[in-house]
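In: sequence unknown, structure follows:
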Ligand code: F6P
């Protein structure tokens, strides 16, 4: 029988985290009579032993709150800046886990958290995770909580941009988060009726985008909305990135430090080139089409505020199922949403995987059918 569990939130915050903390906390303490202790600010709180009591009153009234009442950080157990120095703090985490006499630790996070959780599992801790991120890019789960809320916010933004773009006969390029995945830009682009959607998974040619906009002009539409994922890039940059990443992998495998260093510096240069990518894109489009262009970067607005009903529901489903699994002593898994079910998937399978948009995904096909341009030939 499990008596005491710990819980932490790691990585970027995401709407629905508090609903998940509440789901885990209420099921654990109210239903299974377990003690629940929260750790502050991700894995750092576990290293520094900064805790938060998660009793009935702490868990009450948080379902609708954005952010995370526990605080979060992107700190990794094995590479943490601690007392001014980057160090491996895994042993300290293991020690504190045992000092608290935990039976399990629940880690709420995205892709990075799944990897960190796997490492802690390999150190013998009973770990279980939940998938959260607005990027929706965690493998083996249909959805991550946070995505639906961010999708709603980005769609609402595109709706609002339409009327101003229309009035001024402008191109408005709207940058949407998502890291290396295009789910958010694709979903919001379709729901908001963007004319062009640019995704990291489908590298684009600027001329193709400009031509699509000019065709709209020829058809009497003097404005266009371009939804661009933050990780989208032109074909030339995507090819350079792929080539250099494979050179780096080869150099690392053959332990060729000089070639690895060279490859890393090229990768840095490519990433540097990507900074302000959306602004550069808008100015290229202005030049190629002769239409005035403006940029809107939605940024952290997409992560803030009240979670949607769908995210609260998903977070509560996964949070409570997580405690059922703890009670059954199922550890070393992420609780994934698969259809109506909450399914334990081994962390060894999830860690290091990213769920990207397949080029032939039904959402992509639907967007193509309604005439959306992806900046590349149809697949
Ligand atoms: O993973 C969520 C996310 O919001 C990404 O979409 C974005 O690239 C990143 O986090 C921003 O990270 P940070 O909060 O560290 O600035």
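Out: Yep, that arrived. Note that the structure is a prediction, hence the values are computed from the model and not measured. Residues are numbered from 1 along each chain as shown.
In: and for residue 60, the neighbour number?
Out: 11 (other CB atoms under 10 Å). The way it works is simple: take the backbone N, C-alpha and C, and place the C-beta from them, glycine included.
In: what sits against it?
Out: Taking CB atoms under 8 Å, 6 or more residues apart in numbering as the criterion, residue 60 is in contact with no other residue.
In: distance of it relative to residue 38?
Out: According to CB to CB, to the nearest Å, residue 60 stands 14 Å off from residue 38.
In: for the helix or strand harbouring residue 81, name the packing helices and strands.
Out: Using DSSP states H and E, the element containing residue 81 is strand 80-82. Under the contact criterion of 3 or more CB pairs under 8 Å, 6 or more residues apart in numbering; DSSP states H and E, strand 80-82 touches helix 43-48, strand 85-87.
In: who wins for proximity to the ligand among these?
Out: Each of the helices and strands packed on strand 80-82 was scored for nearness to the ligand using CB to the nearest ligand atom, and the closest is helix 43-48 (14.4 Å).
In: now do the contacts for the closest residue to the ligand within the chain.
Out: Closest residue of the chain to the ligand, CB to the nearest ligand atom: residue 177 (3.4 Å). Residues counted as contacts of residue 177 (CB under 8 Å, 6+ apart) are 134-135, 150, 184, 229-230, 298-299, 302-303.
In: show me which of those are buried.
Out: Using 16 or more other CB atoms under 10 Å as the burial test, these include 134-135, 150, 184, 229-230, 298, 302-303 as buried.
In: quick one: which of these sit in strands?
Out: Judged by DSSP state E, strands contain the following of the buried ones among the contacts of residue 177: residue 229.
In: wait, isn't residue 204 in contact with residue 375?
Out: Yes - the criterion here is CB atoms under 8 Å, and residue 204 meets it with residue 375 at 2.6 Å.
In: out of those two, which sits in the more crowded spot?
Out: Per other CB under 10 Å, whichever of residue 204 and residue 375 has more neighbours is residue 375, with 25 against 22.
In: strands of this structure, start to end?
Out: Under DSSP E, the chain gives strands at 4-9, 35-39, 51-53, 80-82, 85-87, 104-109, 127-133, 145-146, 171-176, 196-198, 224-229, 293-297, 333-338, 341-346.
In: so which of those is the most packed in?
Out: By mean neighbour count, with neighbours taken as mean count of other CB atoms under 10 Å, strand 145-146 ranks first of the strands of the chain at a mean of 32.
In: contacts for that one, please.
Out: 14-17, 19-20, 130-134, 303, 307, 311, 314-315, 318.
In: is the ligand within reach of it?
Out: No - judged by CB under 6 Å from any ligand atom, strand 145-146 and the ligand are separated, with a smallest distance of 8.0 Å.
In: and that strand, how far from the chain's centre?
Out: Chain-centre distance of strand 145-146: 9 Å, with CA atoms, centre = their mean, to the nearest Å.
In: pretty sure residue 316 contacts residue 21?
Out: No - judged on CB under 8 Å, residue 316 makes no contact with residue 21 at a distance of 10.5 Å.
In: ok, residue 195 to residue 130 distance?
Out: The spacing between residue 195 and residue 130, counted by CB to CB, is 36 Å.
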